[in-house]
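Colleague: below are the sequence and a predicted model; questions follow.
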Number of protein chains: 2
Amino acid sequence: MAHRAGRHFLQIPGPSPVPERVLRAMDMQVIDHRGPEFGELGARVLEKLKGVFKTECPVIVFPASGTGAWEAALVNVLSPGDKVLMYETGQFATLWDELANRIGIVPEFIGGDWRHGVDPEKIAARLREDTDHEIKAVCCVHNETSTGVTSRIANVRKAIDSTGHPALFMVDTISGLGSADYRHDEWGVDVTITGSQKGLMLPPGLSFNCVSKKALDAHENSGFQKSYWDWGPMLGNNASGFFPYTPATNLLYGLEEALKIILDEEGLENIFVRHQRHAKATRIAVEAWGLETLCQVEEEHSPVLTAVVVPDGHDADHVRKIIHDKFDMSLGTGLGKVKGKVFRIGHLGDINDLTLLGALSGVEMGLELAGVPITKGGVQAAMDYLAKTA
Amino acid sequence: MAHRAGRHFLQIPGPSPVPERVLRAMDMQVIDHRGPEFGELGARVLEKLKGVFKTECPVIVFPASGTGAWEAALVNVLSPGDKVLMYETGQFATLWDELANRIGIVPEFIGGDWRHGVDPEKIAARLREDTDHEIKAVCCVHNETSTGVTSRIANVRKAIDSTGHPALFMVDTISGLGSADYRHDEWGVDVTITGSQKGLMLPPGLSFNCVSKKALDAHENSGFQKSYWDWGPMLGNNASGFFPYTPATNLLYGLEEALKIILDEEGLENIFVRHQRHAKATRIAVEAWGLETLCQVEEEHSPVLTAVVVPDGHDADHVRKIIHDKFDMSLGTGLGKVKGKVFRIGHLGDINDLTLLGALSGVEMGLELAGVPITKGGVQAAMDYLAKTA
């Protein structure tokens, strides 16, 4: 492949760009995962991680993709044949539902149009009907990576509470954590699921379960036979900083460096503001182009990504290909039901105003080259907003 | 922690030292795992990997530890309640047996003394008794990391064949592959299990199943409900170079670089010779010290590591601690039944004669400082052998 000058713009909704110093932190020899230096590293990281989840609960780290942490969440608190309530916010909620089916859980999937977040009232209504408490858990995706719609988890919690139903509350914030406001304890989440390659700004390869006391109690009674995903041996080792099997050492080096950036230097709240501002600038550009976002609720626009609908008769993947080939930028494809109909602009992780404007410029030029009818000026409008709020 | 001058000697039997250029290859931005560049990388790596297994069969890559690949091997070809035959070569065989029990498989565990490899005749005898073919698989550890004993897999294959029993043959060579002679196809192995952090010279975080046609047929009839570990979606994607869920991108960069070193530059057969020679030099030192190795069979000494027995009344972990604190070297601890009785010297992966002699010097000085009665001259004897064979 010929050399392409300049750096690639990785504007998919994760994996997100990794800060150079995080890459450098990982670019170190492996150490003995049973030696004293590792134990100190593990203990530090496991403790500090809690800050990102806003929790006092333990966090479990798996050498696995986010998909693995989905499976871990289910098999640790449920038993084969258990019913769970899931909600179709988009492709990732759909994949989680399919996973549950494959491993012998019986999910009930509340249908959605992929343009709205979880409707708390629908959850409450279903739980109220379930007077025998057959539903063991409510499972929601916080930031739906396929649509750019963020569900209001606090409201879902309130809806569950309003029914007095004892179901566990499990939330996938794989693409949300560290970018979008999230509060494991305050929102009463029992299992939070996330991965390393989004707001945590690491390469993929680690995933996480943050688990409440109620989830730990459910773990005691879980009927799934499990080994790799079992929280028990993980928690048994947590205090010492060691892991029951060989951890992904170098990603943990990177995680420690990323946590330093997130919690000690930029600060979580500042990171949330930055993401909201970039998301807003992106929507301003989209509106100026005369296009629409997939998300249809103002309060539910994702701070992580924006899914842009291309007009009928145009192929979003054709636009993406032109942008990839001409301008060396990766955008997210439309997944599942919205294949070809949308492309997704990731604006998460280690990016700044000029990265975003470079990315939006690529989108504007690509739309034009692909013959999509737009009004020019999206980048200009985004610049005006970013300059005003700089 | 105060700075310790010079580099740490990582002489545990894995994770092994990572070549600097492999670390550098990983020290690169993440790319879009759904983009064309990734597809080419994935396809290249999946094809080239076969050379290390000496196979034409597909290889499946999991973002997981070796423990995960153990579980994957079992749940893809077996059904809950299936009987398998396992063999107690040491701690890792014991852990695999425990894992099988935890997930609902019924292993029969042939006892061993941790000083010998698998006895092919015991396998054959048990299979001959099993006239109803209730045993669905024979599971052996090739290079037992806890003992430094390498089982003769070709002989086990012959023993199975001599009985005409249809059981699958599953082999863990997590610490063997890329260091010890191994031949998936020639030895008729159905599932080979390995990990990234040993002979492949990568950090931990990837693991592998190499699967025969017979194993794929068994996969069709497997009764385990599975998702993350399921070979089906993995193999469905293999040809394209993509993965069903987010792969550990940067470890794949490293894997490509490591495969280049192993297959194109040093060459597998040269690597095997180097490992055998270093293992021999280590045994010469141990013998000169007047100590014994845990392994008691000349043909079964591991090329990867040497487990050294400390005399009664001495604690191997005390020796290890002195060596760690005084000489900045990590050695492997005694695991399970041999805790405190042995320490393990790893001599695998990216090491050369002088690394080994440095390591053996640390062991000789540490034994002396710990008050273990030895005859000096182990390092001298190893030097004489290495110089003669240089």
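Modeller: Thanks, I have the structure now.
Colleague: could you pull out the strands for the stretch 101-250 of chain A?
Modeller: Shown for the stretch 101-250 of chain A, the strands assigned by DSSP state E, counting those that start in this stretch span residues A:106-110, A:135-141, A:143-144, A:149-150, A:168-172, A:191-195, A:206-211.
Colleague: after whichever helix in chain A runs longest, next one along is what?
Modeller: Scanning chain A for the longest helix, with DSSP state H as the assignment, gives helix A:268-289. Going down the chain from helix A:268-289, the next helix or strand is strand A:292-293, by DSSP states H and E.
Colleague: run me through the strand neighbours of that following strand, direction for each.
Modeller: strand A:305-309 (antiparallel) (DSSP bridges).
Colleague: just to check, A:E40 is in contact with A:G241?
Modeller: Yes: at 6.3 Å, A:E40 counts as touching A:G241 under the criterion of Cβ atoms under 8 Å. (C-beta placed from N, C-alpha, C; glycine too.)
Colleague: who's more crowded, those two?
Modeller: For A:E40 versus A:G241, the count of surrounding residues by other Cβ atoms under 10 Å in any protein chain shown is larger for A:G241: 20 against 13.
Colleague: look up how far B:R128 lies from the more buried one.
Modeller: 49 Å (Cβ to Cβ, to the nearest Å).
Colleague: and the helices in the stretch 51-200 of chain A?
Modeller: A:66-77, A:91-102, A:120-129, A:153-163 (DSSP state H, counting those that start in this stretch).
Colleague: which one of those helices lies closest to B:P58?
Modeller: Nearest to B:P58, of all these, is helix A:66-77, at 20.2 Å by Cβ to Cβ.
Colleague: so who does A:G42 touch?
Modeller: Applying Cβ atoms under 8 Å, 6 or more residues apart in numbering or on different chains to A:G42 gives the contacts A:240-243, A:247, A:252.
Colleague: restrict the residues you listed to contacts with chain B.
Modeller: Residues of the contacts of A:G42 in contact with chain B (Cβ under 8 Å from any Cβ of the partner chain): A:P247.
Colleague: which of the contacts of A:G42 has the most neighbours?
Modeller: Busiest of these [other Cβ under 10 Å] is A:L252, holding 29 neighbours.
Colleague: SS state for it?
Modeller: Look at A:L252: counting by DSSP: H, G, I helix; E, B strand; the rest coil, its state is helix.
Colleague: just to revisit the earlier point, among the contacts of A:G42, which are in helices?
Modeller: The members of the contacts of A:G42 that map onto helices under DSSP H are A:L252.
Colleague: for B:S196, state which of the contacts of A:G42 is nearest.
Modeller: Distance to B:S196 across these (Cβ to Cβ) is lowest for A:P247, with 12.5 Å.
Colleague: which elements pack onto the worst-scoring helix or strand of chain A on mean pLDDT?
Modeller: Lowest on mean pLDDT, DSSP states H and E among the helices and strands of chain A sits helix A:231-238, with a mean of 91. With contacts defined as 3 or more Cβ pairs under 8 Å, 6 or more residues apart in numbering or on different chains; DSSP states H and E, the packing partners of helix A:231-238 are strand A:59-63, helix A:213-220.
Colleague: would you point to the one among the ones you listed that's packed deepest?
Modeller: With neighbours defined as mean count of other Cβ atoms under 10 Å in any protein chain shown, the helices and strands packed on helix A:231-238 peak in mean count at strand A:59-63, which reaches a mean of 26.
Colleague: residues in contact with A:G111?
Modeller: Listed by Cβ under 8 Å, 6+ apart, the contact set of A:G111 reads A:E88.
Colleague: related to what we said a few turns ago, return the most buried member of the strands of the stretch 101-250 of chain A.
Modeller: Comparing the strands of the stretch 101-250 of chain A by mean count of other Cβ under 10 Å gives strand A:143-144 as most buried, with a mean of 34.
Colleague: how about the least confident helix or strand of chain A: buried residues?
Modeller: A:231, A:234-235, A:237-238 (16 or more other Cβ atoms under 10 Å in any protein chain shown).
Colleague: could you single out the nearest of the contacts of A:G42 to chain B?
Modeller: Nearest to chain B among the contacts of A:G42, counting by Cβ to the nearest Cβ, is A:P247 at 6.6 Å.
Colleague: neighbours around A:K326, how many?
Modeller: Residues lying near A:K326 (other Cβ under 10 Å) number 12.
Colleague: follow-up on the earlier one: where is pLDDT lowest across the contacts of A:G42?
Modeller: Here the lowest pLDDT out of those sits on A:S240, with 90.
Colleague: neighbours of the closest residue to that one other than its chain neighbours, how many?
Modeller: For A:S240, ignoring the flanking residues on the chain, the nearest one in space by Cβ to Cβ, 6 or more residues apart in numbering or on different chains is A:G39 at 5.8 Å. Around A:G39 there are 16 other residues, counting by other Cβ under 10 Å.
Colleague: wait, isn't A:G39 in contact with A:N238?
Modeller: No: taking contacts as Cβ under 8 Å, A:G39 lies outside contact range of A:N238: 11.3 Å.
Colleague: pLDDT weak spots in chain A?
Modeller: Scanning chain A for pLDDT under 70 picks out A:1.
Colleague: at 90 instead, please
Modeller: When residues are selected by pLDDT under 90, those of chain A lie in A:1-4, A:236-239.
Colleague: tell me how it divides into domains.
Modeller: Following automatic domain parsing, one finds the domains of chain A at A:9-16+A:267-388, A:20-264.
Colleague: name the surrounding residues that touch the least confident helix or strand of chain A.
Modeller: A:46, A:58, A:60-62, A:72, A:76, A:209, A:211, A:216, A:219, A:243-244.
Colleague: and the residue in the stretch 251-390 of chain A that chain B sits nearest to, what does it touch?
Modeller: Nearest residue of the stretch 251-390 of chain A to chain B, counting by Cβ to the nearest Cβ: A:S330, 3.8 Å away. Applying Cβ under 8 Å, 6+ apart, one finds that A:S330 lies in contact with A:8-12, A:324, B:31-32, B:35.
Colleague: please apply the same query to A:V106.
Modeller: A:81-84, A:100.
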